[in-house]
Structures are given as C-alpha cells and as structure tokens.
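K.L.:
Quick one: sequence and predicted model below, then my questions.
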Amino acid sequence: MTMRVLAAVGAFVVGLAGAGSASGGVQPPCDLNIDLMSFSDDGSFFLNGSAEITGGQLRLTTGISGQAGSAWFVPTRVDPAAGFDTTFVFTINNGTADGLAFVLQSEGVGAIGGSGSDLGYAGILRSLAIEIDTFAFDGEFSAPHISVQSRGQDANSAADVDTLAYVQLSEPLVEQQQYQMRVVYSGGLLYVFFAGSTAAQIIVPVDFSNIAGGSVLDPGGCLIAGFTGATGGVVATQSILQWTFSNSASDPKIGCGARFITDATESPALFSLVGTATADAGDIILTRGVEGEAGASWYRVATADVQQGFDTSFTFELEGQADGIAFLIQSDSVNALSGGGSDLGYGAGVAPGIARSLAVEIDTFCFPDEFACDHVSIQTDGVNQNQSGDFYSLAHADAPIDLNDGEPHTLRVAYTPGVMEVYLDGSLLLTHPIDLASIAGQSILNKDGCAFIGFTGSTGAAFAQQRITSWTFTDSGACVPPLVTGFTAGDVVAPGPLEFSVTATGTLLTYQWFRDGNPLANGGNISGATSPQLRIDPVNGNWSGQYDVAVSNACGGSSTGAFFSVTPRCPGDANDDLAVNFADITEVLRRFGTSYDDGTGPGDPNIDGQSSFSDVTEVLRYFGSSCR
C-alpha cells in the first residue's frame, strides 16, 4: 500500500499527523463544498493502494488484478446533519471488474478495504458506501447493480445481507462511456440517482448516528468523503472524472419513481399518515382497534411509475373483526382518505371516495348482500370516486383462511401492462386483465403515467387493529433479480408425502424443481413442480435424490436444494399392511413381473422397480416383523 499527501491548493495544507485520523490530531473543518473538481496534484486527496491522480482524473484501479484503491478528500469533512448533495462522473475501461464506490467514513484517511468483490471499502470501520458493482458472483445480486452498504461501527461489508437498499441496473455498463451518479441526503433519507435520471433509483432512510445500533460519525459529528475501487481476477481501469459536493440539501425533486427493496415501513419519514394512521416501531398502524376509524398512509417522497409495471409485497396483521384494509394506486394526493366502516378508507359512502384510484382490498367484514368473508377484490370506478361495493369489483376471490387471526399474512400485487396478479401467502389468488391507463376509457394515472401508492383501512361498529409490518415495492417494470431467502423440507418415510418449499425475493419470479438434475413436471404423484411448493405424494425409496429449485426472472436466477433419502415405511412389507408374513409373498407373486418406471409399487418391497424373486427374498429376510 502506498500513501501520498499532495501539496495543497485552494484550501490549506493538512499535515499528515492530523490527516491520519478522523478522530484525533488537528481536525479539518466540517463543511465540505466543491463547485466542480477535475482532479490534479493539488493536495486535496490522501491516496492509498492503487489510487493515483493522473491526466486530470482520479484513477482508483489501473487494470491490474488484485488491486484496491482509496482516495479521501482531506481539506474539509462532511456534516451530515446539514444534508448534502453530491454528483460525480466516472468511467470503467479496459475490463469489467469489480466496481467502485462513493464512501463516507470516520476511520481515517489511511482507510482502505479489500480487493475483488470488496470494492476497496469492505473492511473499513464506521463507514457507509454507495457502490456500483459491475461483477457478480454466484449467490450475489446480479451485476451491474447499485447498493447502499453499511454495518455501522463494525467493518463494512459488500455482502448482500448488509445492504440497506439496492437496485438492479437494466443494462451492462459500457466501456469508455461516462456515467453520472448523484447522491442526496436530506431529512433522514438517502436518495441515489443514476445516469441523469430525474427519478431516484434508491430512496432509503439513513441515520448516520445509528446504523446497526452504532454511529459512523467522528466525535465532531462529521465524516470523511472519498472514493474506493477494486479489481480481482478480472480487471478494469476505474476513474472519477468530475466531482461536485454541497454540504446542504433540501428534499430533491425526485419525479416519478419509487423503488424500495428493503422494508420501507422502518422510516415514518417516507410516509404521510392521514386520519387514524400512526407509525410504531417499524409498523404502520391504520386503525387501533377502536370503532369508527379510518386511516391512510401514502409513500410521500415520490409517485410511482406504475404504468410500465410494478411488483409489491406487504405483510399485514389484522386482529379483531372489521372492516378491512386496501392497497391503493391513486393520483389524488398524499392526504387522500375516505370514510370508515365498509368504505375501508377509500370508497364513497359517508365521505367522498378517492377518485382516479384502484384498490386491492382485503375485506374482513361482509354484509349479507356482499361477497363472502374474508375476500380479496380489485375495486375501481376509473376517474370517478372509487366504491367498495361488489358492483365495482373487477375480480374477487375468497380468502382460504381467516385473515383477522392476528397472524402475519403477505399480499403480493404484480402488474405487467395489461394484467394484474394477486398472491396471498405465496399462492396465486386471482388474476385479471387491467390497463391502468385506460379504465372505462380513461387513465387513473397522472400525466406522467404515475400515481401515489399506499394503504387505507377502517373500522365500523365492529373493529380491529390493522397493521402493516413490512412493505417492498419496485416500479417501472424494473427487474429485481431473484434471491432465495428460505428453503424447507421435511424428512419422509414412505409412502410420503414429500414436501419442499422455497421463499425468494424478486420481481415476477418463475420456479422449476429438479430431481437429480432432471426437471420435474406436474402429473401423477407430482404437484407444484413450477411453483414455490413441491409435493410428491405418494413416495417410496426410489424417490430419494438431490432436489433443487431454480428461481428465475428476466434479469437473473438463484437456486438452492438438498439431498433427501426416502426411508421405506416397513422393510419387507409388500402389501403395505405394516406386517411381514405370507400375505406379502402372495402379493409379490400376484404382481410378479410388474415394472415400475417411476419408482416402486405394491409387490416390490426391495424397491428396485420391479416385482421379482428378489422381493420374495426380501420378505423372507424380514419375515415375522411388524411396523405397527
């Protein structure tokens, strides 16, 4: 590792002793402002590893394998409490890997992380990185992607599990093309804009004084700003060409775009809370278990670009009896709210309904002339005030369980232009053709094809506490690559059943199950071969093997699996009566010569796929035993 302090120009010289630590020695001031920087040897940067300033550029890596470079601005530090707005331009040439990052940290100007997938920042204490990752490994987010990474006071990590938020980029980065990234921090929210977009690709709540339970700030409440980059076995030359920084910021005009991959309910700052809606410990509470309430919560920092498609999932808990909640798309306002009772906070009745809206309602209290309870329904009256009555339902389905049981349930709404799908607890509940830009001939969206998104809920004479505990959303048809988050299966004893399930995040996912590398298909004793839940019933010893599931979509894939051995229920038992006796020999002789292409069957106690003399031997081997 090399360390160089260059002569200072336009500010003041920072001595090496003072610059070497963000928490000791002579501290530089805390008010970083840069009008426009094209890089030169002017003493403004402390360089580590492969970082160098050459030809008016800050070069982080030089196209050699195994490099890591960092560069820290030393004349002044950043005061996050004042907010900031920064933009930089970068290029990646002569290769594709591994990526670079804009980093804020308080470890010191000698800080540098690892090479390869560590991108030069992983390992730096008390830091937050906004990375552009251009090379993906198995089990990681697909590349290229942008992510916000921090472990608070602990050494930073580039692992997916330590991501505060990320977004998949739709196209690979092109060599020698200049890319612009803007990062804004205002009102406790971090906004990331890429490639000149007027819509923030990432919006995530950040409290620099409390990330993962610890502060990343130095004792003065400030941070050192700079850049890192790295190569591994694959290489690239990665350079910062220009940089501006303002140590103040107001809420940016972020236009039409709402993508939060992480749990958005963690920050009340993201939402307007209307009526009885409140925020509590990372949850949105729409009603509190009191009669006659109506509440709404809307994502306030941007409208969502829903016209081109979206995918959203939220987990809710309803404890009580009535009346229900709804997920809404609407172009009215962030203060929209209707009445209580059966209006569910969005429909016309005791108060005007929310106009230009579509609601996916979860109705848990039904009157005799309504759909049965509990049910899920898609409700709209186009540009007119929405209505909760059955007449205004485009499609509905009865819920297979009681949703007012106080337990967590998850509703997913996936919209590709022309079709809306609704899933309850992972199972497809209903699908219906819908064009949000033309309901009864008119669009419910604003002029940009966007709308506010959020939730409503209400109670009447009967009531419940209605709580949203987590929410993820991706708009603009953006493709979020799959990430498997859970895999379960139980040991089986023949004849079964054998059941597997997988959970995964991502947009518009498809599933395919495999046994010993061969794709399974529905039919016979197999169901769910292309769904999150696989069931084989009945099974026997010949169904032992390696079971894998591939989860995929248009922008990536993820897989997992395990080997399972199916134990015969009763060795030597040819007729499945749980006892081994002369009746089993009779069963073998009755089935003699029968082959079972897909496993075993009656008269095949040695599970070799056919009834033969070897099965008589198997019966005699266990003769007189019982499995009762």
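P.N.:
Yep, it's here. All values derive from a computational prediction rather than experimental measurement.

K.L.:
ok, so what distance separates the closest residue to residue 124 other than its chain neighbours from residue 163?
P.N.:
Leaving aside its chain neighbours, residue 124 sits nearest to residue 111 (4.6 Å; criterion: CB to CB, 6 or more residues apart in numbering). The way it works is simple: take the backbone N, C-alpha and C, and place the C-beta from them, glycine included. Remark: distance between residue 111 and residue 163 (CB to CB, to the nearest Å) = 20 Å.

K.L.:
which one of the two has more residues nearby?
P.N.:
residue 111 (26 against 19; other CB atoms under 10 Å).

K.L.:
Only C-alpha atoms, please: export stretch 69-81 in PDB.
P.N.:
Output of stretch 69-81 as PDB, limited to C-alpha atoms (Å, rounded to 0.1, in the frame of the first residue of the first chain):
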ATOM      1  CA  GLY A  69      -7.500   1.800  -4.100                       C
ATOM      2  CA  SER A  70      -9.000   4.600  -1.900                       C
ATOM      3  CA  ALA A  71      -8.900   8.400  -2.100                       C
ATOM      4  CA  TRP A  72     -10.100  10.700   0.700                       C
ATOM      5  CA  PHE A  73     -10.700  14.400   0.400                       C
ATOM      6  CA  VAL A  74      -8.700  16.000   3.300                       C
ATOM      7  CA  PRO A  75      -9.200  19.800   3.400                       C
ATOM      8  CA  THR A  76     -12.800  19.500   4.900                       C
ATOM      9  CA  ARG A  77     -15.100  16.900   6.200                       C
ATOM     10  CA  VAL A  78     -18.900  16.400   5.700                       C
ATOM     11  CA  ASP A  79     -21.600  17.500   8.100                       C
ATOM     12  CA  PRO A  80     -24.400  15.000   7.500                       C
ATOM     13  CA  ALA A  81     -26.700  16.900   9.900                       C
END
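
K.L.:
Any buried residues in that stretch, and which?
P.N.:
69-80 (16 or more other CB atoms under 10 Å).

K.L.:
Is it possible to get TSV of those residues that adds distance to residue 608, secondary structure and pLDDT?
P.N.:
Output for the buried residues of stretch 69-81, formatted as TSV (distance: CB to CB, whole Å; DSSP: H, G, I helix; E, B strand; the rest coil; pLDDT from 0 to 100):
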residue	distance to residue 608	secondary structure	pLDDT
69	62	strand	97
70	63	strand	98
71	68	strand	97
72	69	strand	97
73	72	strand	96
74	75	coil	95
75	79	coil	95
76	78	coil	96
77	74	strand	97
78	71	strand	97
79	75	coil	97
80	69	helix	96
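
K.L.:
In those residues, find the pair that's most separated.
P.N.:
By the measure CB to CB, 69 and 79 form the most distant pair in the buried residues of stretch 69-81, at 26.1 Å.

K.L.:
in the sheet, who's paired with residue 133?
P.N.:
With DSSP bridges as the criterion, residue 133 is bridged to residue 99, residue 145.

K.L.:
any idea how far the residue nearest to residue 124 is from residue 331?
P.N.:
47 Å.

K.L.:
Over to residue 184?
P.N.:
When distance is defined by CB to CB, residue 184 is 25 Å away from residue 331.

K.L.:
cool, residue 400 as well?
P.N.:
Distance, residue 400 to residue 331, using CB to CB: 33 Å.

K.L.:
Between these two, which has more neighbouring residues?
P.N.:
Using other CB under 10 Å, the more surrounded residue of residue 400 and residue 331 is residue 331, with 23 against 11.

K.L.:
dump the residue contacts of the residue nearest to residue 124.
P.N.:
Taking CB atoms under 8 Å, 6 or more residues apart in numbering, we find residue 111 in contact with 48, 70, 72, 105, 124-125, 127, 224.

K.L.:
What of residue 395?
P.N.:
377-378, 430-432.

K.L.:
and the nearest residue to it once chain neighbours are set aside, how many residues sit next to it?
P.N.:
Distances taken as CB to CB, 6+ apart put residue 432 closest to residue 395, at 3.8 Å, once the chain neighbours are dropped. Around residue 432 there are 13 other residues, counting by other CB under 10 Å.

K.L.:
Repeat that for residue 535.
P.N.:
Residue 535 has 18 neighbours, counted by other CB under 10 Å.

K.L.:
Quickly run through the sheet partners of the helix or strand hosting it, with directions.
P.N.:
Using DSSP states H and E, residue 535 falls within strand 533-536. The pairing partners recorded for strand 533-536 under DSSP bridges are strand 498-505 (antiparallel), strand 526-527 (antiparallel).

K.L.:
what about the helix or strand just after the longest one, average pLDDT?
P.N.:
Using DSSP H and E, the next helix or strand after strand 498-505 towards the C-terminus is strand 510-515. Per-residue pLDDT values over strand 510-515 give a mean of 91.

K.L.:
and the following helix or strand past strand 510-515, which strands flank it?
P.N.:
Elements were assigned by DSSP H and E; along the chain past strand 510-515, the next helix or strand is strand 518-519. Paired with strand 518-519 in the same sheet, following DSSP bridges, are strand 510-515 (antiparallel).

K.L.:
buried sites along the strand it pairs with?
P.N.:
Neighbour counts over strand 510-515 (16+ other CB under 10 Å) mark 511-515 as buried.

K.L.:
ok, residues contacting it?
P.N.:
With contacts defined as CB under 8 Å, 6+ apart, strand 510-515 is touched by 500, 502, 519-520, 528-532, 534, 543, 545-553, 561.

K.L.:
Can you flag which of these belong to strands?
P.N.:
500, 502, 519, 534, 545-553, 561 (DSSP state E).

K.L.:
Between which two of the residues you listed is the distance greatest?
P.N.:
Top of the distance list for the ones in strands among the contacts of strand 510-515 (CB to CB): 545 and 553, 26.6 Å.

K.L.:
Looking at the two, which has the bigger crowd around it?
P.N.:
Legend: neighbour count by other CB under 10 Å for residue 545 and residue 553, higher for residue 553 (19 against 15).

K.L.:
Check what pLDDT that one gets.
P.N.:
pLDDT, residue 553: 75.

K.L.:
same check, this time on the one 10 residues further on
P.N.:
In this prediction, residue 563 carries a pLDDT score of 85.

K.L.:
now residue 313
P.N.:
90.

K.L.:
Next, give phi and psi for the nearest residue to residue 52 once chain neighbours are set aside.
P.N.:
Nearest residue to residue 52, sequence neighbours excluded (CB to CB, 6+ apart): residue 59, at 5.2 Å. The phi and psi values for residue 59, taken as degrees, to the nearest 10, are phi -100, psi 120.

K.L.:
Around residue 276, how many other residues sit close by?
P.N.:
Residues within reach of residue 276, counting by other CB under 10 Å, total 22.

K.L.:
Ok, residue 543 next?
P.N.:
By other CB under 10 Å, the residues close to residue 543 number 24.
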